[in-house]
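Novice: the sequence and its predicted three-dimensional model are supplied below.
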Amino acid sequence: MLRSIKQLYGNKLGASDGEIGHVKDFYFDDQNWAIRYLVVDTGDWLPGRQVLISPHALGRLDQPEKVVRVNLTRKQIEDSPSIELHKPVSRQYEEEYYRYFGWPHYWQGSGLWGMSGFPILELPAKPLLSESAPPDGPGPERADAHLRSTQALDNYHVRTGDVKRGHICDFMMDAQSWAIGQLVVKTGSRFSGEESLIPTKEVDRISYEESTVFVNATVDQSPPHDLVSDAVVDRTLPAIPLL
């Protein structure tokens, strides 16, 4: 099943021993459109820190209760590797983060999540330190983990060639793999336009300088997208016809 990213913003986050804040943003890998981290607004609990939660630690999405279950304790989260607010997430930081929790690296292997197509749902008995993993250390080639903010891409223009098709107003995410499968595109004005779906596999490139997503599909003939109230839709939503 697919879920609306927008309707997850603001949801409470419940650790195993209490609340830790609410959902502020999602960081996704712009090479394969997988959600890699949930960004937490912790309020006054951990000020000055950017708190990230991997889907490896996330349980069931209780949409009616608007609660995202986190299979970690508050202490585990507090003691996890720290990253300052507004700082980019480097691969070096990710290696430290994954080593702390003992999760397999998603960037090692042919699957969406390393050796698997889905994030693991339980912590291993002891850290899974891969012998094939390169040692930690600085290096410019390790700086960009290709992580982008879903909040930042909101309202990006969508174009097919030189033709403007609309702008992004939401993302539809697979609740099991945490992969963004479809872009929700508003095709008219911000107040009266219809919403249509474009599969992310039809994205040609993203221009961050132009705030534009270039796609290989047209939204002109696609049916309206009516998001159900609980933000869950079937996978078989009609695809956008190709040009």
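Specialist: Happy to help now that I have it.
Novice: what residue ranges in this structure score low on pLDDT?
Specialist: The model of the chain has pLDDT under 70 over residues 62-63, 121-144, 189-192, 218-243.
Novice: ok, what's across the strand from the residue nearest the centre of it?
Specialist: Centroid check for the chain by Cα atoms, centre = their mean gives residue 35 as the closest residue, at 2.7 Å. Residue 35 forms beta bridges with residue 28, as assigned by DSSP bridges.
Novice: these two touch, right, it and residue 55?
Specialist: Yes. Using Cβ atoms under 8 Å, residue 35 makes contact with residue 55 at a distance of 6.2 Å. Quick note: C-beta positions are derived from backbone N, CA and C, even for glycine.
Novice: state which helix of this structure is the longest.
Specialist: Ranked by residue count and defined by DSSP state H, the top helix of the chain is helix 91-101.
Novice: right, and the helix or strand after it?
Specialist: strand 147-149 (DSSP states H and E).
Novice: list the contacts of the helix or strand that that following strand is followed by.
Specialist: Next helix or strand after strand 147-149 toward the C-terminus (DSSP H and E): helix 150-153. Residues outside helix 150-153 that contact it (Cβ atoms under 8 Å, 6 or more residues apart in numbering): 5, 9, 24-28, 168, 171, 180, 206, 213.
Novice: how's the protein carved up into domains?
Specialist: 2-148, 150-233 (automatic domain parsing).
Novice: and the shortest one, how far out from the chain's middle?
Specialist: On the basis of Cα atoms, centre = their mean, to the nearest Å, the separation between the geometric centre of domain 150-233 and that of its chain is 15 Å.
Novice: how close does residue 56 get to residue 214?
Specialist: Residue 56 sits at a distance of 32 Å from residue 214 (criterion: Cβ to Cβ, to the nearest Å).
Novice: same deal with residue 45?
Specialist: With Cβ to Cβ as the criterion, residue 45 and residue 214 are 40 Å apart.
Novice: common neighbours of residue 35 and residue 55, please.
Specialist: Contacts common to residue 35 and residue 55, judged by Cβ under 8 Å, 6+ apart, are residue 178.
Novice: quick check: ChimeraX command selecting the buried ones in the contacts of helix 150-153.
Specialist: In ChimeraX, a selection of the buried entries from these looks like this (16 or more other Cβ atoms under 10 Å):
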select :5,9,24,25,26,27,28,168,171,180,213
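Novice: from the contacts of helix 150-153, which is closest to residue 146?
Specialist: residue 28 (9.0 Å; Cβ to Cβ).
Novice: now do that closest one against residue 201, distance only.
Specialist: To residue 201, residue 28 is 14 Å away according to Cβ to Cβ.
Novice: again, but for residue 156
Specialist: Taken as Cβ to Cβ, the span from residue 156 to residue 201 is 17 Å.
Novice: show me which of the two is the more surrounded one.
Specialist: residue 156 (19 against 12; other Cβ atoms under 10 Å).
Novice: make sure that one is actually in contact with residue 211.
Specialist: Yes. Applying Cβ under 8 Å as the test, residue 156 and residue 211 come out as touching, 5.1 Å apart.
Novice: quick one: residue 76 is in a strand?
Specialist: No. Assessed with DSSP: H, G, I helix; E, B strand; the rest coil, residue 76 is helix; it does not lie in a strand.
Novice: would you mind measuring from it to residue 164?
Specialist: 46 Å.
Novice: quick one, which of these two is more surrounded?
Specialist: Comparing residue 76 with residue 164 by other Cβ under 10 Å, the one with more neighbours is residue 76, at 17 against 12.
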